[in-house]
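K.L.:
Fold the following and give me the result.
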Amino acid sequence: MSAHIPELSSFQPLDFDGLNRQRYLRVLAERAERNSDCGRELFVGVFFDGTNNNRDRDKPEYSQSNIARLHDAFPDRRQGGFVRIYAPGVGTRFDAIGDSGEGDDLVWGETDRRRGLAFAEKGEARIVWALLTVMDQLHRYFVFSEFLSDREITRLSNDLTSANIPLWRLALSPSGAVLQHWMSKRRAIDNERNRVLGDLCAELGRRIDAVRPRRPLPHEHGIRLSVFGFSRGAAQARVFANWFLDMCRAASGSATLGGLTVDFDFLGLFDTVASVGLANSTLIADGHMEWADAERNLRIPAEVRRCVHLVAAHEVRRSFPLDSISVGGVLDARHLEVVYPGVHSDVGGGYRPTEQGRGTDPQGADLLSRLPLAHMYREARLANVPLNVKGGGVAGEGGGGEGVVGEAEAAMAVAPSTIATFNAYLAECRVKSGRLADIIDEQYRLYVRWRRLRLDAMARVASVQRATAQDRTDLLEANRELGEEARLLAAPLLMPAPNIFDVPQVTAVKIVTRVPEVVYKRGIEPGRHAEWRRLERSWNDPAHLAPAVVQLFDDWVHDSRAWFKPLGEDDHIWEARQRRRMLDLEGRELVSSWQAHVPRNLPEDDPRHPRRQKAALEDYQRRARAAGHPGIRIFGAGTRPLDENERQELEAWRRDGSLPTQKSGREPFQLGAGYLRYRRVYAGTDANIVMASVPQRQTAVA
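P.N.:
All right, here's what the predicted structure looks like:
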């Protein structure tokens, strides 16, 4: 089966029409028949959020991801036969596994947040936690008591992700044995996890069997399982599916849990990005380390009846390669892979309303991500997932009520203007279905042409003008870097060379010895040249670009590369440091004024008058202490006066609180990143075989 672009959206995107409405009525009728007085089913929904996405943190700003929104539409009534389980994204707080979600250190100190964002650390613990929690919830339903305490689940979630091989064994290993030890470690982790979870699964079955003689169990028809994930959460969802089935087979030899048959109805994925351990941005890795094995753990199990994967056509960050659900480009006929316009979080959600000036609705109804959300909602319901925006468990988490009617529905509302622009854009796409590579190729060429159109006019785009100061700086600086990238790519190739970073024999020695030479002689990583040759005609195409295409990119598609600054600082850290710097500048200004020659007999309203200076000092010291700043004592004799740029920054801060913005820190286009390249796409292996198959075109796609 081939990949597709979406169908045109109706203006009621959550509702069914035509044949799908008839299909859904049959689903409801069959569900009602199975869940009669003589027996019912237990519906279990598991939701893995994306990197740096956290429902509790994000909902107040209306920036929760599509995973959080689907979670809120899933009923939360365990005694009614509905269990939902949610794991916040890596890099955010998750007390259930001991992840603080804090810390900006990568090696020492508080590292949970930074390592989670960079390496997907504690992603594996989230998968194991979900497996344990499913068992615990089943026990609570059938036996009316906990199976595992919260403390036990926390301990096992972490213990089962480490084989505890001492570092001294690696240090004292003979030559050539280090890699073997690391491989042994991974095998030990997998074997221990399978053993412990299999034993727990078997024990769960024994406990449920023990209560059968005392009372009839209402759910003899079995368990209906659905799993959802976005970004690294989508990778976790895929691994969960495989490990869940491994756990069941280890206990019973079949897909049963607690003696009940498990129907794996649905696996809903938004733009799978593994990037576990070293990501593709390092040039020598693919992000398939540890638990994210592309050839086993990330593949879709045969037991999954329906998998829907919605992927981003315009994501380009090197750190965010896509893992297709196809294997070698071949897609199971039961499953669906749909290419949506937009970048990573335009598909999976997570942008704040009006972020980067995209959209104007304060609750985000005009965000592009609402359309893939509506699509996933419909697909899941057709697959017998009990999602329902008319009720759900949004406010019923403690008492199991119906929730606040309308809250989940409002979180999925889609503005008519977004639907109209989306449909107009799709009408301009020629490749409606076929190879994933061909669909992405056409849509990315449209984006490249738009980037060229706006290269000298980005500052005049209305959405850029609406953006906040930092967002505007990001957009304009990234656009400036694009100009440099294009000039380097178009320059004569001074040193033709193969791409040393994509060959299996690449070694650390090659990287150390070749990168400086390549960058010095070429100015850009040589493997980019072949991709540039494929995109060059689109970049230079003078043909008119359809207004619908221009409008979509101007107003709705975010710029993920502009915002993403792995070599810089997170915006909140940058802003905190700049506030402290403004206090430094104020202190220097005060000390410099004291050191300057001051005439005698100044009027009292003169800022240089001693009384005015004393009042200014007291005010400064009060504000400095409130901000945790040491105050005036850090400045000594000979303090350098402010230069003109510093004076202007300080005046702007005093005037309206504006701070200097961060201009750099993006993935270096000289070393394989940038806009004028294709996203890396894997398909069941560690090789970038999907986009590598795109031919060099003789004519640009209109």
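
K.L.:
Going by C-alpha atoms from here, please, whenever you check contacts or count neighbours.
P.N.:
OK.

K.L.:
ends of stretch 358-376, how far apart?
P.N.:
In stretch 358-376, first residue to last residue: 22 Å (CA to CA, to the nearest Å).

K.L.:
Tell me which residues of stretch 36-54 come out buried.
P.N.:
40-54 (16 or more other CA atoms under 10 Å).

K.L.:
which stretches of the stretch 201-350 of the chain have low pLDDT?
P.N.:
215-220, 277-286 (pLDDT under 70).

K.L.:
all strands for it, in order.
P.N.:
223-230, 256-257, 260-270, 307-312, 322-323, 336-340 (DSSP state E, counting those that start in this stretch).

K.L.:
State the mean pLDDT of stretch 649-658.
P.N.:
Mean pLDDT, computed over stretch 649-658, is 89.

K.L.:
hmm, who's touching it?
P.N.:
582, 585-586, 659-660 (CA atoms under 8 Å, 6 or more residues apart in numbering).

K.L.:
could I get these as JSON lines with secondary structure, neighbour count and distance to residue 551?
P.N.:
Output for the contacts of stretch 649-658, formatted as JSON lines (DSSP: H, G, I helix; E, B strand; the rest coil; neighbours: other CA atoms under 10 Å; distance: CA to CA, whole Å):
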{"residue": "582", "secondary structure": "helix", "neighbour count": "19", "distance to residue 551": "39"}
{"residue": "585", "secondary structure": "helix", "neighbour count": "18", "distance to residue 551": "43"}
{"residue": "586", "secondary structure": "helix", "neighbour count": "23", "distance to residue 551": "44"}
{"residue": "659", "secondary structure": "coil", "neighbour count": "21", "distance to residue 551": "31"}
{"residue": "660", "secondary structure": "coil", "neighbour count": "19", "distance to residue 551": "30"}
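
K.L.:
Any chance of TSV for those, columns distance to residue 237?
P.N.:
Formatted as TSV, the contacts of stretch 649-658 follow (distance: CA to CA, whole Å):
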residue	distance to residue 237
582	45
585	49
586	51
659	40
660	40
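
K.L.:
Pick out the most distant pair among those.
P.N.:
Pairwise distances across the contacts of stretch 649-658 peak at 14.9 Å for 586 and 660 (criterion: CA to CA).

K.L.:
about what we covered before: may I ask which two of the buried residues of stretch 36-54 are separated the most?
P.N.:
40 and 52 (37.2 Å).

K.L.:
ok, what's across the strand from residue 434?
P.N.:
Beta-bridge pairing for residue 434 (DSSP bridges): residue 3.

K.L.:
Repeat that for residue 86.
P.N.:
Applying DSSP bridges, one finds that residue 86 bridges with residue 47.

K.L.:
Residue ranges of each domain in the protein, please.
P.N.:
Per automatic domain parsing, the structural domains of the chain span 39-305+384-414, 420-568+683-693, 571-656.

K.L.:
ok now the shortest one, how far from the chain's centre?
P.N.:
Read that as domain 571-656. Per CA atoms, centre = their mean, to the nearest Å, the displacement of domain 571-656 from the mean C-alpha position of its chain is 41 Å.

K.L.:
What is the end-to-end distance of it?
P.N.:
By CA to CA, one end of domain 571-656 lies 19 Å from the other end.

K.L.:
Begin at 52, not 1, for the rest of this chat.
P.N.:
Noted, 52 is the first residue going forward, which turns the last one into domain 622-707.

K.L.:
what stretches of the stretch 602-751 of the chain score poorly on pLDDT?
P.N.:
644-653, 655-659, 661-662, 684-689, 739-741, 743-744, 746-751.

K.L.:
Repeat the analysis, applying 80 as the threshold.
P.N.:
Flagging of the stretch 602-751 of the chain using pLDDT under 80 yields the residue ranges 639-669, 671, 675-691, 721-722, 737-751.

K.L.:
what ranges do the helices span in it?
P.N.:
All helices of the stretch 602-751 of the chain, identified by DSSP state H, counting those that start in this stretch, fall at 611-614, 622-646, 661-677, 695-707.

K.L.:
Would you mind putting the ones you listed into CSV with distance to residue 299 alongside?
P.N.:
Listed next are these as CSV, based on distance: least, CA to CA, whole Å:
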stretch, distance to residue 299
helix 611-614, 40
helix 622-646, 44
helix 661-677, 56
helix 695-707, 60
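
K.L.:
Would you mind finding the most buried of the ones you listed?
P.N.:
Of all those, helix 611-614 has the most neighbours on average by mean count of other CA atoms under 10 Å, namely a mean of 22.

K.L.:
Now do that one: which elements does it pack against?
P.N.:
Helices and strands touching helix 611-614, by 3 or more CA pairs under 8 Å, 6 or more residues apart in numbering; DSSP states H and E, are helix 520-541.

K.L.:
Report the inter-axis angle for the helix it packs on versus helix 622-646.
P.N.:
110 degrees (axes from the mean of the first three to the mean of the last three CA atoms, to 10 degrees).

K.L.:
buried set for helix 520-541?
P.N.:
520-530, 532-533, 536-537, 539-540.

K.L.:
ditto for stretch 409-426
P.N.:
For stretch 409-426, burial by neighbour count (16+ other CA under 10 Å) applies to 409-411, 414-426.

K.L.:
Need the residues that contact that stretch.
P.N.:
Taking CA under 8 Å, 6+ apart as the rule, stretch 409-426 contacts 60, 64-65, 113-114, 117, 121, 361, 391, 393, 396-400, 403-405, 462-470, 514, 518, 606-609.

K.L.:
Can you tell me which of these are buried?
P.N.:
60, 64-65, 113-114, 117, 121, 361, 391, 393, 396-400, 403-405, 462-466, 469-470, 514, 518, 606-609.

K.L.:
Counting by contacts, list what the helix ranked longest in the chain packs against.
P.N.:
Counting residues, the longest helix found in the chain (DSSP state H) is helix 229-262. Helices and strands touching helix 229-262, by 3+ CA pairs under 8 Å, 6+ apart, are helix 174-194, helix 283-303, strand 307-308.

K.L.:
Those: which one's closest to residue 618?
P.N.:
helix 283-303 (20.5 Å).
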